[in-house]
Structure formats: structure tokens, C-alpha cells
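Participant: no FASTA, just this:
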């Protein structure tokens, strides 16, 4: 059983029943994904930093974040589906690559430096 | 078995081993997600429309899209983890809501109108 | 006279009058920018490709795009302001660099290849 | 004199000389904009909060942020150009609307609540 796959198949069926495959080319789906990422960002933009405990106790924030993360996930799965990408395998391979790229000894407590590259 | 959950647990462990939880507040993770969405968008920005068949036969494009979709998925799962959101359930609930919001008879072959609202 | 600078100063004053400088750190402003980019993307996600003439004759689409582009511009200017970046000069320098990086003879009618790099 | 307009005209000319108008439909330009926003987000994703003074003294971070903000600005201007939008006027109108929507007395020191709406 794979819940990623169950979601992919369910969304594929949802799309087919409405004859919406015609709208689901990669560029359009990426724009839809960007729209949902924007809604997630908006929820957090003015949240004060260093008060993540408060966020974890704000049920309305969590409810809305849960909805936006779901929308993002669904578009990611739909994109993988239309491009015929085995996403679960690919994500596991990415984690394996990250484990090698960021050795524990070298990166403990230190984030990759995105400004200078690392 | 849940492959979504397996990925969440594996990524959580990866983070803990490097003492990176301190970097993984929601705002920082959303910015990291945006970075990966940007890399996906870049792959497709100049792809000609109406030639999605060509895209499906471009192994290098698919390989890179697969990597970016994986990165996006992993940050989505990490965000759900740090906010303690049951993402698989939430995404299924979203699909159920979409089935009701977009009745087949009314929306067959017609995309929601995002400009005028619908 | 510089209309970019006029907008920067006007937005700075708007922020100061409301004591909002405390919210305008770079990470928060980038998330706000992402929110507005998401709203722009949403307007266009299901627009059919190859029908840009129709878009140019859709006053409601143009009105809303104009609003979202304005919001994006304002956050870009605010980010430049809080980081003390001379944006007009920097953008002109970028165009000069692009002219050298993409020689006319080599790139006429050919977009940069973002998949394979170029 | 308008430096916004100077940049628009210069970028338009750059595009025309390379016969790149064919690539600059709104959906493609928005994806390109998203790519640049992603690069900006990546620069700041792991920056510690509350240390914006350090950021303002990091010349390499500022140099790269300046480049990404320029790229974003240029795509925003190009989008306004292909949609024939008077962006400087629109942005000023947006600021006027914001002044009315967020009265000083009511919003001093208080950010709009994006979670519950306000």
C-alpha cells in the first residue's frame, strides 16, 4: 500500500471525470502550485520569529496551513503523474544523496551556506 | 504502511542527526520550499506550449523535474512534521471537498474561473 | 526625478507612520512577495496558451494583473529599501550583463536552455 | 523622466533585438519571475532571524540579493509591458488604497492578520 499512490490515483480520477486533463500541462500546474505556495507564505509572513510555540497552539493557523500544504501536495502529485515520475522513489533517492552530501561530522549544527555555496 | 510517513520519519531523522531542527521553523522552511519551486519553474519557463509530448520524451528534463519535485515534496513533508499536521488525511479531505465544490455536471471541460471567482 | 525612488520613499513613509518597520525584515518581506506572486500566478494558471490576444482584451484580467504586479513591485522596492540597495542602478547593470551574456548573433530566436544550462 | 519607463524600454529593445518576444507570453514570464523569486528566497532561508544587522553588514549577501531583486524587477516590468499596464500609476494607486485600508490609528504597530483576515 502507498498513500502517495492512492492520492495520485484519486486525483487522476477526479481530473478525468471533469475532463480537466486538457488544463493540466506542466506549466499550468506549476502556476497553480505557485498560487498555493503563495497562500501558505501569506499565512506566515507577519508571524513573529522565535514564537513558533505560539504558532503550534494557534488552531486556526494550523487548520489553514494544513489546507494549503494539502493543496501544494496535491499539485506536486499531479505534476509527477502527468510526467510519469515515480515520486516516492525519487524522494528517497534525494534523501540518500543528501545524507552523502552533508556528512554528519561536517554539518552538525551548521546549515548549508546558500550565499557563498557549500 | 504509508510511504508519506516513511519519508517524514526518514527526513526527521536526517534533520535530528545534524542538529538542524533549529533551522526548521515554518518561515525558513517555506522560503526553502519557494527556492525549490523556483528551480522547477525555471526548467519549464521557456518550454513551448502545446508540445508536452516533446517534454515527455526529454529524459534530461524529466530527470531534473523529478529532482525538483522531490525537493518540494520533502519540504512539504517537513513542514507538516514540524506543525504536527496529518497530511495524508488532510489531502484526502481536500479532494473530498473539491469533489463537492466542483460538481461533474457543472464543471466538465471547464476550469474554475480564477479571474472572476467561481 | 525617479519614479522608482518616489515609490520607495512613499512606501517607507507609509511603513513608518504605522510603525511597521518591525515587521519588514527580509525573510518576512520575501514571504509577502511570494504571496503576491502566487496571486498573479493564480490569475493565469488556467488561461489557455496561444490565446494571449484574448487576454489583452479581457479588462478584468488586466485590472487584476495590474493590481498584483503593483503589489509585487512594492514589496521588491521595500526589500531594496531595507537592504539599502540602489535598485535602479543594479537593474541597469543586470541588463548590461545580459547583453554581453546573450550575444544577438548567437541567441536570435533561441531562448537560453535552462534544462541543460547555457 | 521615469527610470521605471527607461528600464521597460531598454528591456523591450533587448528582447526585440534577440527576437525573444515569442517566448514572453504572461505564463512563461510568470514562471521566469518565480524562478528569480526562488533564488532570492534561497539566499535568506537559513539566515537566523533577529540578526538583520549582520545581514546588512554581509557584502556578499547584499550583492547577491541586489542581483536577484534586479532580476525580479525586470520580469515585473516586462510583464507590465507585454500587458500594456501603466505600472507606476498602478503602484501609486495601490499605495493610496493601502493608506485608506489601514488607517494609522487602527494599525499602528499591528500587522494585518492574514490568518483570520483583516
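Facilitator: Here it is on my side, so go on. Here the structure is a predicted model, which is why all the values come from computation and not from measurement. Numbers count the residues shown, from 1 in each chain, chains lettered A, B, ... in the order given.
Participant: quick one: the residue lying closest to residue A:24 once chain neighbours are set aside from residue B:3, how far?
Facilitator: Spatial nearest neighbour of residue A:24, excluding adjacent residues (C-beta to C-beta, 6 or more residues apart in numbering or on different chains): residue A:82 at 5.6 Å. For every residue, glycine as well, the C-beta is placed using N, CA and C. According to C-beta to C-beta, to the nearest Å, residue A:82 and residue B:3 sit 20 Å apart.
Participant: circling back: contacting residues for the residue nearest to residue A:24?
Facilitator: Counting by C-beta atoms under 8 Å, 6 or more residues apart in numbering or on different chains, residue A:82 touches A:24-26, A:29, B:52.
Participant: Show the model's pLDDT score for it.
Facilitator: With respect to pLDDT, residue A:82 scores 96.
Participant: tell me the contacts of the residue lying farthest from the centre of chain A?
Facilitator: Taking C-alpha atoms, centre = their mean, the residue of chain A most remote from its mean C-alpha position is residue A:105, at 28.4 Å. By C-beta under 8 Å, 6+ apart, the contact list for residue A:105 is empty.
Participant: Output the lowest mean pLDDT helix or strand found in chain A.
Facilitator: Every helix and strand in chain A was compared by mean pLDDT, DSSP states H and E; the lowest is helix A:52-56, with a mean of 83.
Participant: Next, the buried residues of the helix or strand following it.
Facilitator: Of the helices and strands lying after helix A:52-56 in sequence (DSSP states H and E), the nearest is helix A:59-82. Under the neighbour-count criterion of 16 or more other C-beta atoms under 10 Å in any protein chain shown, helix A:59-82 has A:61-62, A:64-82 buried.
Participant: neighbours of residue A:8, just the number please.
Facilitator: For residue A:8, the neighbour count with other C-beta atoms under 10 Å in any protein chain shown is 19.
Participant: Using the three-state scheme, assign the closest residue to residue A:49 other than its chain neighbours.
Facilitator: Nearest non-adjacent residue to residue A:49, counting by C-beta to C-beta, 6+ apart: residue D:49, 3.5 Å away. Here residue D:49 is recorded as coil under DSSP: H, G, I helix; E, B strand; the rest coil.
Participant: quick one, what contacts residue A:15?
Facilitator: Residue A:15 touches A:21, A:24, A:78, counting by C-beta under 8 Å, 6+ apart.
Participant: On the three-state scheme, the closest residue to residue A:20 other than its chain neighbours is what?
Facilitator: The shortest distance from residue A:20 to any non-neighbouring residue, by C-beta to C-beta, 6+ apart, is to residue B:111 (6.7 Å). Three-state call for residue B:111 (three-state DSSP): coil.
Participant: what residue ranges in chain A are flagged as low confidence?
Facilitator: Within chain A, the segments meeting pLDDT under 70 span A:1, A:118.
Participant: what do you get if the cut-off is 90, keeping everything else the same?
Facilitator: Scanning chain A with the threshold set as pLDDT under 90 gives A:1-2, A:48-57, A:117-118.
Participant: my read: residue A:26 touches residue B:53, true?
Facilitator: No: under the criterion of C-beta atoms under 8 Å, residue A:26 is not in contact with residue B:53, lying 11.9 Å apart.
Participant: More neighbours: these two, which one.
Facilitator: Remark: of residue A:26 and residue B:53, residue A:26 carries more neighbours, 23 against 8, as counted by other C-beta under 10 Å.
Participant: OK, contacts around the residue of chain A found nearest chain C?
Facilitator: Per C-beta to the nearest C-beta, residue A:38 is where chain A lies closest to chain C, at 1.4 Å. Residue A:38 makes contact with C:34-39, C:41-42, according to C-beta under 8 Å, 6+ apart.
Participant: Secondary structure element for the residue farthest from the centre of chain A, which one?
Facilitator: Going by DSSP H and E, residue A:105 is in helix A:104-107.
Participant: got the buried residues for that helix?
Facilitator: Across helix A:104-107, burial judged by 16+ other C-beta under 10 Å covers residue A:107.
Participant: can you list the residues of chain A near chain D?
Facilitator: Residues of chain A lying close to chain D by C-beta under 8 Å from any C-beta of the partner chain are A:27-28, A:30-31, A:34, A:42-43, A:45-46, A:49-50, A:58, A:60-61, A:64, A:111-112, A:114-116.
Participant: So residue A:47 sits against residue A:65, correct?
Facilitator: No: Residue A:47 is beyond contact range of residue A:65, at 10.5 Å (criterion: C-beta under 8 Å).
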